[in-house]
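Visitor: 3D, please:
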Amino acid sequence: MPWMETISLLALLAGVCFWLDSFKARAVGMRAARDACVADELLLLDDTVALVSLRLQRDDDGRLRLRRVYQFEYSDTGDNRRQGDVTLLGDQLQLLHLAATPDRQRRPVDGRRLD
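Guide: Predicted coordinates for the structure are as follows:
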């Protein structure tokens, strides 16, 4: 097989792998947003998350992973729109953020407050 065809085939394979990984990560982000809204009795609007950031970052073991940040909108009254975001490192949930209100603060997955 000529080298140009090999490179094209490898690029196509890498693109398909990236697309499948992104699809899986989006599903994890969507599930996290939905679960957070249910837990806090909020309404997830548009039933979707949108990718706003994609970059490489090292995990705790020093391996490079894709860090994705997804935004979503929710309502606490039914008459307003608030923004939240979900941060994933690889396919692991790292941070879930809902817009600050007096009783709600930015917090990592384990529930500690970030100041």
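Visitor: show me what the helix or strand encompassing residue 35 is packed against.
Guide: Element membership for residue 35 (DSSP states H and E) is helix 3-39. Applying 3 or more Cβ pairs under 8 Å, 6 or more residues apart in numbering; DSSP states H and E, one finds that helix 3-39 contacts strand 43-58, strand 64-75, strand 82-89, strand 92-98. No exception for glycine: its C-beta is placed from N, CA and C like everyone else's.
Visitor: buried ones in the third one?
Guide: It stands for strand 82-89. 82, 84-89 (16 or more other Cβ atoms under 10 Å).
Visitor: kindly report the same for the last one.
Guide: Of the residues in strand 92-98, those with enough neighbours to count as buried (16+ other Cβ under 10 Å) are 93-98.
Visitor: parallel or antiparallel, list what pairs with that strand.
Guide: strand 82-89 (antiparallel), strand 107-108 (antiparallel) (DSSP bridges).
Visitor: could those go into JSON lines alongside mean pLDDT?
Guide: Formatted as JSON lines, these follow (pLDDT from 0 to 100):
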{"stretch": "strand 82-89", "mean pLDDT": "95"}
{"stretch": "strand 107-108", "mean pLDDT": "54"}
